[in-house]
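Peer 1: Output the structure for:
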Amino acid sequence: MMKVIEAHYPIIKQTIKRAPTFVYSILDQLIEGTVYTDTENLQTLLFQTKSGIYFVAGDSIHTVLDDQLVCCFQQSIEQKKRFTLFSYSEQWNIKIEQLLHDQLRKLERYTFTFDEGLYDSREEREVPNFEVMPITHHHIKNAQEFTYAYYDEYWDSTVNFLENGFGYCLVQQEQTWFYDSAKICYLYKKVAHAVCKNIVSVIVKKIDDVIRKRDKTNGHL
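Peer 2: This is a model prediction of the structure:
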């Protein structure tokens, strides 16, 4: 088992086909993290963020990464830190259960793809009382949940998030809903902001639909 040097990160990025977005943040060196492998040909990989999020990918049978995975898990227990593990395949799911003896709580995550063509052909509707705004220092300072501590934990620092990531919040009077890149689309500034803003707009539309359906059910419409 060995640590992958940063010079090999571009190679991994080209070969890995699907992974959680924090994996690409590590490979782009936007957040602090470590990549382990079992052989020089990078057959199996284990990604670890400083905040305790992991992803394992590659060959689940012929690998010596098992010990490292168990070691990371045991250390997280001893240090009372977070341990969230994403797997690459059903084969890895089975192996993880065997290695960690059902000590983990299994959760499901869903991925969504933004259909630009469908979005462009949708019926335009006004969404009253909401304003879509880029997340700034001001919003973070006044946030109750996504505070500076959140960005320090998952982005290494608030400055790093504001410089290399981005997110939007929905503001209605004095209420603010945060949709940063961890909640919507873990994108970087190299991706057009308009694309992410469109995604947020879709969310606003859905929020409006939910409100309208709720009000209709309650007899307000």
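
Peer 1: can we go C-alpha only for contacts and neighbour counts from here?
Peer 2: Noted.

Peer 1: For T63, which non-adjacent residue is closest in space?
Peer 2: Leaving aside its chain neighbours, T63 sits nearest to D38 (6.2 Å; criterion: Cα to Cα, 6 or more residues apart in numbering).

Peer 1: how much space between the one you found and A57?
Peer 2: 11 Å (Cα to Cα, to the nearest Å).

Peer 1: which stretches of this protein form helices?
Peer 2: Using DSSP state H, the helices of the chain run over residues 9-15, 21-27, 66-78, 90-100, 116-120, 137-141, 148-155, 158-164, 193-217.

Peer 1: Relative to I77, how far out is Y36?
Peer 2: According to Cα to Cα, Y36 stands 20 Å off from I77.

Peer 1: Same drill for those two, tell me which one is more crowded.
Peer 2: Ranked by neighbour count (other Cα atoms under 10 Å), Y36 and I77 place Y36 first, with 20 against 12.

Peer 1: any idea how far E6 is from that one?
Peer 2: With the distance defined as Cα to Cα, Y36 ends up 11 Å from E6.

Peer 1: How about F47, nearest residue that isn't a chain neighbour?
Peer 2: Nearest one to F47, counting by Cα to Cα, 6+ apart, is V35 at 4.6 Å.

Peer 1: Now do the one you found, the pLDDT please.
Peer 2: pLDDT for V35: 94.

Peer 1: my guess is it meets T44, correct?
Peer 2: No: V35 is beyond contact range of T44, at 10.3 Å (criterion: Cα atoms under 8 Å).

Peer 1: Near N160, how many residues? Count them for me, please.
Peer 2: N160: 15 surrounding residues under other Cα under 10 Å.
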